[in-house]
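**Q** got a predicted structure here, sequence first:
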Amino acid sequence: MMPEPDSWRHMASAPKDGSRILVTIRPSEQGAAEVDLVFWSNGDQFGADGWRASDSSPGRIIEYAEPELKCWMPMPSANLNRTSMPSPWEGEDERELDGSGI
């Protein structure tokens, strides 16, 4: 069974080919869970391998540590802006995402 195109998925399956994806960022002292647009960077003079926010720029790299990211989904095919972002995934256990929790 293929996941729905707009459903949240386990981070272990996220593409690390530089394509942009949506992620749920875990809630923290800084605020509630939120959704961001990120891509995998293989590392360069600005930072190590890792997930970077797509609005990063040289000198202002926004990086996420793997534990900060809860889950991901592919970019919707529609033109996406902040007002049409999906809601963050509110589940507690990421094992629910890959179907093994069912």
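**A** Okay, I see it.

**Q** distance of A53 from E92?
**A** Look at A53 and E92: by C-beta to C-beta, to the nearest Å, they are 24 Å apart. No exception for glycine: its C-beta is placed from N, CA and C like everyone else's.

**Q** who touches E90 in this structure?
**A** A33 (C-beta atoms under 8 Å, 6 or more residues apart in numbering).

**Q** helix, strand, or coil at it?
**A** coil (DSSP: H, G, I helix; E, B strand; the rest coil).

**Q** so R20 is in contact with F39, correct?
**A** Yes - using C-beta atoms under 8 Å, R20 is in contact with F39, at 5.0 Å.

**Q** anything in contact with each of those two?
**A** The contact lists of R20 and F39 share S54, where a contact means C-beta under 8 Å, 6+ apart.

**Q** higher neighbour count, the two?
**A** F39 (16 against 13; other C-beta atoms under 10 Å).

**Q** so for the more buried one, what's the pLDDT?
**A** Looking at F39, its pLDDT is 95.

**Q** helix or strand for it, which one?
**A** strand 34-41 (DSSP states H and E).

**Q** other SSEs contacting the helix or strand following that strand?
**A** Next helix or strand after strand 34-41 toward the C-terminus (DSSP H and E): strand 50-53. Here strand 50-53 touches strand 34-41, strand 63-64, going by 3 or more C-beta pairs under 8 Å, 6 or more residues apart in numbering; DSSP states H and E.

**Q** ok, what's across the strand from the closest residue to I62 other than its chain neighbours?
**A** Excluding the flanking residues, the one nearest I62 by C-beta to C-beta, 6 or more residues apart in numbering is A53, at 3.7 Å. Per DSSP bridges, the residues bridged to A53 are V38.
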